[in-house]
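Visitor: quick one: sequence plus predicted model below, questions after.
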Amino acid sequence: MEMARVFVGIDVSKSVLDVHARPCNRREQFDNGPSGWSALGAWLCTLSVERIVLEASGGYERGATRALTKQGHSVCVVNPRRVRDFARASGYLAKTDRIDAAVLAHFAQVFDLPVARRPDDAQAKLAQYAALRDTLVAHKTRLSNQLGLLDDPDLRPVLEDLVKTLEAKLAELDRLIRRCIQDKADLSLRYEQLTSVPGIGPVAAISVMAFLPELGRISRRAIAALVGLAPFARDSGTMRGQRTIAGGRPSVRRALFMASLSATRFNPLIRTFYERLVKAGTTKKKAIIACARKLITILNAMVRDGKNWQAKQTA
C-alpha cells in the first residue's frame, strides 16, 4: 500500500529546529547545526516526505535549507507574514515554537509552493558576502550621520576611527566579492551581463546576483512581485484605491531604486520612459519606482535569453 504523503513544517530559531510532520502528527526537535541537520535528515527518511516548509528567519534557516536540499528534499522558504495570516485564518491564535511548526506543516499541505533551488556553493558564498556588505554599509551610514551631529571633541576621534575601520573592512570585503565572482565562470558572465546595462553598477549587480537567484527563470510579472515592485490594487465596490508596492526583497529593491536614479540620466530607454511618466503627471518618486520595475523586467529577459544589453532593448 502506498504511504501517505507527509508535509513537514520546521520552526527555526538560532539554536533549535522544531519539526512537525502532518498528517501523521509526529513532532521532534533538533539542533540547528550540522549534527542536527544530519539527525533531521535521518528522521525524515522514515517518512514519505512530499514537501518541507521553513520561514525566512533572518538567515538562521539557511544552513538547514542547504542541508535538506542536498539530501534531496523539496524545501520551500516562505514569508513569515504570509504564514502568520494563514495561522489566524485557520484559527491558530496561540503562538509557540511547536504551534508554529504545526502551522507551517499545515501551510505546506494546503499550498503548492515554489521549491528552493539546490544550493550552489559560490552562490551561497556570494549571498553571505553581499549580506555582510549591506550590514557594514548600514553601520557606516549611521556612524557617519552621528559624526555629523557630534559636537564633543573627545568623542569625535572615536567615531572617526570606527568609520575608517568600517571603510577598510568594506574595501577588504569588496575584494573578496570580486574574487568570488572571478573564480566562478557563470557568476563572472552574469556580472558582465548585468553591468552591461547603463545604470546597473557593481553594487546593484551583486545584489541582484546574490539575492535574486530566480532571475531569468520566472515571468516578468512574477519577478517584479518577488522584488516588491509590482503595484497592488486597493479597490472595493465603486472605490478605486491608490496602487502601492509591498513586500518583496528589500535589499534588491533598494539597489534597483538607486540604479534607476542613475539610469534616468545615463540609460536612453529608461530616461525616455521616466520623462514620459513625469510629463503625464506621475510624481517623480512613482516614476523612479516604475523605472526600477522596468529595469528588473529587462534584466529578467536578458538573463532568460542569455543576452547582453542592446541599445534598442525591450522588456
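Guide: Yes, it's here.
Visitor: so the spatially closest residue to Arg62 that is not a sequence neighbour versus Asn308, what's the distance?
Guide: Leaving aside its sequence neighbours, Arg62 sits nearest to Ala124 (Cβ to Cβ, 6 or more residues apart in numbering; 7.6 Å). Heads up, the C-betas are built off the backbone N, CA and C, glycines and all. Noted for Ala124: a distance of 26 Å to Asn308, by Cβ to Cβ, to the nearest Å.
Visitor: those two: which is more packed in?
Guide: Ala124 (16 against 13; other Cβ atoms under 10 Å).
Visitor: got the domain ranges for this protein?
Guide: Using automatic domain parsing, the domain parsing of the chain gives 6-110, 120-183, 207-315.
Visitor: just put those in JSON lines and tack on mean pLDDT.
Guide: What follows is these, written out as JSON lines (pLDDT from 0 to 100):
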{"stretch": "domain 6-110", "mean pLDDT": "92"}
{"stretch": "domain 120-183", "mean pLDDT": "92"}
{"stretch": "domain 207-315", "mean pLDDT": "85"}
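Visitor: now the ones you listed in a markdown table, with distance to Gly199?
Guide: Output for these, formatted as a markdown table (distance: least, Cβ to Cβ, whole Å):
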| stretch | distance to Gly199 |
| --- | --- |
| domain 6-110 | 29 |
| domain 120-183 | 19 |
| domain 207-315 | 3 |
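Visitor: quick one: closest of those domains to Pro198.
Guide: Closest of the domains of the chain to Pro198 is domain 207-315, at 3.9 Å (criterion: Cβ to Cβ).
Visitor: beta partners for the residue lying closest to Trp43 once chain neighbours are set aside?
Guide: Setting aside the residues directly before and after it, Trp43 is nearest to Glu28 in space (Cβ to Cβ, 6+ apart), at 5.8 Å. Applying DSSP bridges to Glu28 yields these beta-bridge partners: Val19.
Visitor: what packs against the strand or helix carrying Ala290?
Guide: Per DSSP states H and E: Ala290 is located in helix 284-305. Applying 3 or more Cβ pairs under 8 Å, 6 or more residues apart in numbering; DSSP states H and E, one finds that helix 284-305 contacts helix 185-195, helix 220-227, helix 250-266, helix 268-279.
Visitor: contacts for the last one?
Guide: Which is helix 268-279. For helix 268-279, the external contacting residues (Cβ atoms under 8 Å, 6 or more residues apart in numbering) are 198-199, 260, 263-265, 284, 286-288, 290-291, 294-295, 298, 311, 313.
Visitor: ok, the residue nearest to Trp43 - how many residues close by?
Guide: Glu28, neighbours per other Cβ under 10 Å, totals 15.
Visitor: one more: Gly41?
Guide: 17.
Visitor: which parts of whichever strand or helix holds it are buried?
Guide: Following DSSP H and E, one finds Gly41 within helix 34-44. Residues of helix 34-44 classed as buried by neighbour count (16 or more other Cβ atoms under 10 Å): 36-37, 40-41, 44.
Visitor: between those, which is closest to Val208?
Guide: Of these, the one sitting nearest to Val208 (Cβ to Cβ) turns out to be Trp37, at 28.8 Å.
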